[in-house]
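K.L.:
Sharing a sequence plus its predicted fold:
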Amino acid sequence: MTTPRTPSTIPLQGPSRRKLSLGFVLLPHFTLVAFSTLIDILRLSADEGDRSRPERCSWSLLAPDLEPVTSSCGLQVMPWETFSDPTRFDYIVVVGGLLDREPYNSRSLAFMREAHSAGVRLIGICTGGIALAEAGLMRGRRCCVSWYHFTDLVARHDDVIPVADQLFVEDGPFITCAGGLASLDLGAWLIDRHRGPGHAQKSLHIMVTDRARPAAGALAHAPSAGQVDVNRVRRAMHLVLQHNI
């Protein structure tokens, strides 16, 4: 009998021949670009060329039921299966979006807690990190959100360490990402970690971009900040906004 993994003993995995598997939980009114960018870079890394067969990476869309989930732009996505054993996946990816429409589904929050208890790593995309905090999983952890949702996180969860000056953050068994096009950078990082840099770069080239930004790259600045191209200056400006300096 194998010993169940615990969050404190999950080893970092280098590139391997084992298939990378992700289960996506789309929350109501999720942001479509944050989801589609991540799943598309996985698709492109999963096979040779643009054949899209899930040979190196696989994914599934999970939900409490099989009713379509409506994105923030109104497009609907049909889940593939209802919640089951989360240990089938290397990561459970929670994709959030609009915060003011309806409360989080209690079964979705329970599934996040179940996955964590089973030793499965969790990724929060866009406001998915706030959903992880709502599930009680982020106390004392760093949680990456966009500058736009920084005050939302602070107001809802003062026991979480907010980060709004980076693209994504890894803190123990949790990865949180600001969303938007930062999902592309996160996807390339995951593929590089588990499948190797060649697969990540191949996917980026097909998506007509040259390279992924690092996790510590600065977010795009708020409109009031003006045009700033220097990464360090942009991060400093975000820190000022975060801490009301």
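P.N.:
Okay, I see it.
K.L.:
Assumed Thr70 was part of a helix.
P.N.:
No: using DSSP: H, G, I helix; E, B strand; the rest coil, the secondary structure at Thr70 is strand, not a helix.
K.L.:
what's the nearest residue to it if we skip its chain neighbours?
P.N.:
With sequence-adjacent residues excluded and distances taken as CB to CB, 6 or more residues apart in numbering, Thr70 is closest to Gln76, at 5.1 Å. Heads up, the C-betas are built off the backbone N, CA and C, glycines and all.
K.L.:
Could you check the pLDDT of that neighbour?
P.N.:
Note on Gln76: pLDDT of 97.
K.L.:
what's it in contact with, if anything?
P.N.:
Counting by CB atoms under 8 Å, 6 or more residues apart in numbering, Gln76 makes contact with 68-70.
K.L.:
Now find how far off-centre stretch 113-122 is within its chain.
P.N.:
Its chain's C-alpha centre and that of stretch 113-122 lie 15 Å apart, by CA atoms, centre = their mean, to the nearest Å.
K.L.:
Now that stretch: average pLDDT?
P.N.:
For stretch 113-122, mean pLDDT is 98.
K.L.:
just stretch 172-184 next, same as before
P.N.:
Rounded mean pLDDT across stretch 172-184 is 97.
K.L.:
quick one: the residue nearest to Thr70 from Phe30, how far?
P.N.:
11 Å (CB to CB, to the nearest Å).
K.L.:
Mutual contacts of those two, please.
P.N.:
Joint contacts of Gln76 and Phe30 (CB under 8 Å, 6+ apart) are Val69.
K.L.:
Which stretches in the chain count as strands?
P.N.:
20-26, 57-63, 69-70, 76-77, 81-82, 91-95, 121-125, 142-144, 161-163, 168-171, 174-177 (DSSP state E).
K.L.:
Let me know the angle separating the second one from strand 20-26.
P.N.:
With axes from the mean of the first three to the mean of the last three CA atoms, to 10 degrees as the basis, strand 57-63 and strand 20-26 are set at 20 degrees to each other.
K.L.:
Phe168 bridge partners, please.
P.N.:
With DSSP bridges as the criterion, Phe168 is bridged to Cys177.
K.L.:
surely it meets Cys177?
P.N.:
Yes: at 3.8 Å, Phe168 counts as touching Cys177 under the criterion of CB atoms under 8 Å.
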